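In: heads up, no residue letters with this:
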């Protein structure tokens, strides 16, 4: 039944799913690079269950995709006769149907389980069970994503017996070569890569360059030409810009045109309500991945992004506006063409120099929280110990700055171990 329902969805990944499933069966780790909207987050987990895997845990970078993708899988893969849901979800502070065969959870939650639940993997593979850890949207290269990759690589290196029952899938529309290199270098690990041939979107998408044009002028123009229910999604560089543009559009239109903000601090329910009922949206990176807007017609992209960069000498983090990477631009473009033909309005010069992939957050952030979290976990060691398992390890100066700050705060001893104060703080719950 799952095979039949998967076929009905007509998602691009289904056509090549046999060769992909063969790779997964023959290898412990498989990296997957597919075009956006191919079905990697929804179709592939269901096909893995159909193939006989007992449990598939799929990570997402934010709370809303966990719930929305879970609901989509249950809606498309089940019928009214099914007694139990196929998919469940779990995020910090909330969960539903966590015993389901497919579990969508945030990468932060998977990181916590790998760090603090020493029996997490063993409980999942108890008996003859086979499980899949599916780390999705890896192109974002957040600290949580990189730590998940590092902890999985460490497990497969130090506990080779896990390779018999554990499969690992690392997936994104765009994948930096340092990620597959990490797993390729693990001795005797069966590893392969899958690159899906480029597939056209379900509907045609036109790309229009409009450098130096004002974003509010463009949005008002699109408002005049759009059809009923057509949605407009605008990518800007900061949360401040999101709220400022929403406010300015309201003033310019005298309250006739209402724009909705989509930012990280909103709850999943609030974001979902906006997407389902709103027409115009201003967003930062939140709307780049794993979200399908019901009637998205236009994307307006400034092509810029604000990145927090930590200076260990000055001991401060500053926001720097930089050109979005090519992979980020590809993700934003990939929001279109899923439910109807679309237009991508690029408010930047096509010749602007960009990084191919964003710089990993772990290489430019204040790492004090990460260092403390690792040292209070079952690892008992910090980033200097784990960095060999990271796809792109941070410079030693960043790690040393975090260690020295923990010492200054009276949390680490001179031997770099948690002292009495550090152990007491480690017992406090996270908020």
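Out: Yep, that arrived. Only a predicted model underlies this, so the values are computations on that prediction, with no experimental measurement involved. Numbering: from 1, shown residues only.
In: wait, isn't residue 100 in contact with residue 83?
Out: No - if you go by Cβ atoms under 8 Å, residue 100 and residue 83 don't touch, sitting 11.8 Å apart. Any C-beta I mention is one placed from the backbone N, CA and C, and that applies to glycine too.
In: residue boundaries of the helices in the stretch 251-400 of the chain?
Out: Listed in chain order, the helices of the stretch 251-400 of the chain (DSSP state H, counting those that start in this stretch) span residues 268-277, 326-333, 368-376, 383-386, 396-408.
In: quick revisit: between residue 100 and residue 83, who's got more neighbours?
Out: residue 100 (20 against 5; other Cβ atoms under 10 Å).
In: For the more buried one, which non-adjacent residue is spatially closest?
Out: Leaving aside its chain neighbours, residue 100 sits nearest to residue 88 (3.6 Å; criterion: Cβ to Cβ, 6 or more residues apart in numbering).
In: same question, residue 163
Out: With Cβ to Cβ, 6+ apart as the criterion, residue 163 has its nearest non-adjacent residue at 4.5 Å, and that residue is residue 28.
In: Confirm for me that that neighbour is in contact with residue 166.
Out: Yes - the pair residue 28 / residue 166 is scored as a contact, 7.0 Å apart, by Cβ under 8 Å.
In: Common neighbours of those two, please.
Out: Shared contacts of residue 28 and residue 166 (Cβ atoms under 8 Å, 6 or more residues apart in numbering): residue 156.
In: how is the chain carved up into domains?
Out: Here the domain assignment for the chain is 18-195, 205-358, 364-426, based on automatic domain parsing.
In: and those, which is most packed in?
Out: domain 18-195 (a mean of 19; mean count of other Cβ atoms under 10 Å).
In: chain center to it, what's the gap?
Out: Centre-to-centre, domain 18-195 and its host chain are 12 Å apart (Cα atoms, centre = their mean, to the nearest Å).
In: ok, now stretch 269-285?
Out: Relative to its chain's centre, stretch 269-285 lies at 18 Å (Cα atoms, centre = their mean).
In: what's the span of that stretch, first residue to last?
Out: Its start and end residues considered, stretch 269-285 measures 18 Å (Cα to Cα, to the nearest Å).
In: just checking, residue 134 touches residue 45?
Out: Yes - Residue 134 is in contact with residue 45 according to Cβ under 8 Å; the separation is 6.5 Å.
In: rewinding a little: may I see the domains of the chain organised as JSON lines, with distance to residue 11 and mean pLDDT added?
Out: Listed next are the domains of the chain as JSON lines, based on distance: least, Cβ to Cβ, whole Å; pLDDT from 0 to 100:
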{"stretch": "domain 18-195", "distance to residue 11": "3", "mean pLDDT": "91"}
{"stretch": "domain 205-358", "distance to residue 11": "10", "mean pLDDT": "92"}
{"stretch": "domain 364-426", "distance to residue 11": "28", "mean pLDDT": "94"}
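In: Out of those domains, which gets nearest to residue 2?
Out: Proximity to residue 2 (Cβ to Cβ) singles out domain 18-195 among these, at 3.9 Å.
In: Quote the end-to-end distance of that closest one.
Out: One end of domain 18-195 to the other measures 14 Å (Cα to Cα).
In: sorry, back to before: generate TSV for the domains of the chain, with distance to residue 5 as supplementary columns.
Out: TSV is the format used below for these (distance: least, Cβ to Cβ, whole Å):
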stretch	distance to residue 5
domain 18-195	5
domain 205-358	18
domain 364-426	35
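In: of all these, which lies closest to residue 10?
Out: Short answer: domain 18-195, nearest of those by Cβ to Cβ, at 9.3 Å.
In: show me where the stretch 301-431 of the chain has strands.
Out: 304-311, 316-323, 342-346 (DSSP state E, counting those that start in this stretch).
In: And those: which comes nearest residue 21?
Out: Residue 21 sits nearest to strand 342-346 of all those, at 31.0 Å, using Cβ to Cβ.
In: what's next to that closest one, contact-wise?
Out: With contacts defined as Cβ under 8 Å, 6+ apart, strand 342-346 is touched by 203-211, 218, 222, 296-301, 303, 332-333, 336.
In: hmm, try it at 6 Å
Out: With contact meaning Cβ atoms under 6 Å, 6 or more residues apart in numbering, strand 342-346 is reached by 205-210, 218, 297-301, 333, 336.
In: nearest to residue 186, of those?
Out: For the contacts of strand 342-346, the closest approach to residue 186 (Cβ to Cβ) belongs to residue 333, at 34.0 Å.
In: how close does the closest residue to that closest one other than its chain neighbours get to residue 303?
Out: Nearest residue to residue 333 in three dimensions, chain neighbours excluded: residue 344, at 5.3 Å (Cβ to Cβ, 6+ apart). For residue 344, the distance to residue 303 (Cβ to Cβ, to the nearest Å) stands at 11 Å.
In: Now residue 2: closest residue in space that isn't a chain neighbour?
Out: Spatially, and ignoring its direct neighbours in sequence, residue 2 is nearest to residue 50 (3.9 Å; Cβ to Cβ, 6+ apart).
In: my bad, residue 347
Out: Per Cβ to Cβ, 6+ apart, closest to residue 347 is residue 302, 5.2 Å.
In: Check the gap between that neighbour and residue 38 for me.
Out: With the distance defined as Cβ to Cβ, residue 302 ends up 26 Å from residue 38.
In: Please apply the same query to residue 350.
Out: Counting by Cβ to Cβ, the gap from residue 350 to residue 38 is 25 Å.
In: Same check on residue 26?
Out: On the measure of Cβ to Cβ, residue 26 and residue 38 end up 21 Å apart.
In: Could you do residue 49 as well?
Out: Separation of residue 49 from residue 38 (Cβ to Cβ) stands at 18 Å.
In: Over to residue 332?
Out: Residue 332 is 16 Å from residue 38, where distance means Cβ to Cβ.
In: before we move on, what about residue 183?
Out: Using Cβ to Cβ, residue 183 is found at 22 Å from residue 38.
In: Please apply the same query to residue 101.
Out: Distance of residue 101 to residue 38, given as Cβ to Cβ: 22 Å.
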